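Enquirer: Build me a model from this:
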Amino acid sequence: MAVQSGPTQLGTPLPEAVLPDIDGQHLDIRAYAGGSPVLIVFSANHCPYVRHVERLLGEIVDAADGLRTVGINSNDTVAYPEDGPSGMREQIARARWTFPYLIDDSQDLARAFGAACTPDFFLYDKTGRLAYRGAFDTSTPKNGEPLDGHLLREAISKVVAGEPVPEPHRPSMGCGLKWKNA
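Expert: Sure thing, here's the model as predicted:
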C-alpha cells in the first residue's frame, strides 16, 4: 500500500547525523554537505517505488553540478533482510549510484526528518535549510505516467541556483518505512 509523505516546515535545519555506510565507514552528513546544497533520499532495496526511480535518480544527481546527495536506509532489516547491507550493495550496483548510502539502524534519523516513505526526498539549500520536500515526479510503478523526474529536477535546479522552489510541493509517494516494533 502506497504511503505519502507529510508536510514538513520549509526552512528547518538539516538534522545532525553521523551514520555508517555498508562498509562501516561513518559519514557526518552536515560535514559532507560542506556548504553545498544536499539531497537526502530515504530509500530501500525491496520497494517497487524506489526501484521504479532509482536508475534515473542516480543520473539526475550525477548531472547536478554543486549538489551533494546522501541515501539513507532506515528500514527494519530484521523484518526486511533484503534491505540489509548486501541488498544495499546490490542496489548501488543496479542503480549505478555514486553517492553515499547510509544505514540508520536506530531509525532515529528517519524520525528526526519525519520520513514516511521510500523514496522520500529532502532537499536542503547551501545554508542547510530545507528548501524542498516532495516527489520525484508524478509517475508510479503502475500509473503509466512518464518517468522523468521533472519535479525533483526542477527543485534541484532552483536550489543550486539559490532560488526558492515554487510551492506547493507534491508529496513523495512510496512504500511506508518499515519501523521496528518498539
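Enquirer: so for stretch 32-48, what's the average pLDDT?
Expert: Taken as a whole, stretch 32-48 has an average pLDDT of 97.
Enquirer: Please identify the buried residues of that stretch?
Expert: Buried residues in stretch 32-48, counted by 16 or more other Cβ atoms under 10 Å: 32-33, 37-47. C-betas here are computed from N, CA, C, even on glycine.
Enquirer: Is it possible to get CSV of those that adds distance to D83?
Expert: Shown next, in CSV, are the buried residues of stretch 32-48 (distance: Cβ to Cβ, whole Å):
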residue, distance to D83
Y32, 22
A33, 25
P37, 27
V38, 23
L39, 20
I40, 17
V41, 14
F42, 11
S43, 9
A44, 5
N45, 5
H46, 6
C47, 8
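Enquirer: Which of those sits closest to I22?
Expert: Proximity of the buried residues of stretch 32-48 to I22 (Cβ to Cβ) peaks at N45, which lies at 10.9 Å.
Enquirer: Work out for me the element the closest one sits within.
Expert: Per DSSP states H and E: N45 is located in neither a helix nor a strand.
Enquirer: List the residues that contact it.
Expert: 73, 82-83, 87-88, 90-91 (Cβ atoms under 8 Å, 6 or more residues apart in numbering).
Enquirer: go again using 6 Å as the cut-off
Expert: N45 makes contact with 82-83, 87-88, 91 under the criterion Cβ atoms under 6 Å, 6 or more residues apart in numbering.
Enquirer: of all the buried residues of stretch 32-48, which two lie farthest apart?
Expert: Within these, P37 and H46 form the most distant pair, 28.9 Å apart (Cβ to Cβ).
Enquirer: hmm, back to that, got a winner among the contacts of N45 for most neighbours?
Expert: When neighbours are counted by other Cβ atoms under 10 Å, D83 leads these with 25 neighbours.
Enquirer: roughly how far apart are that residue and G71?
Expert: D83 is 12 Å from G71, where distance means Cβ to Cβ, to the nearest Å.
Enquirer: Specify which member of the contacts of N45 is nearest to I60.
Expert: Of the contacts of N45, the one sitting nearest to I60 (Cβ to Cβ) turns out to be Q91, at 16.4 Å.
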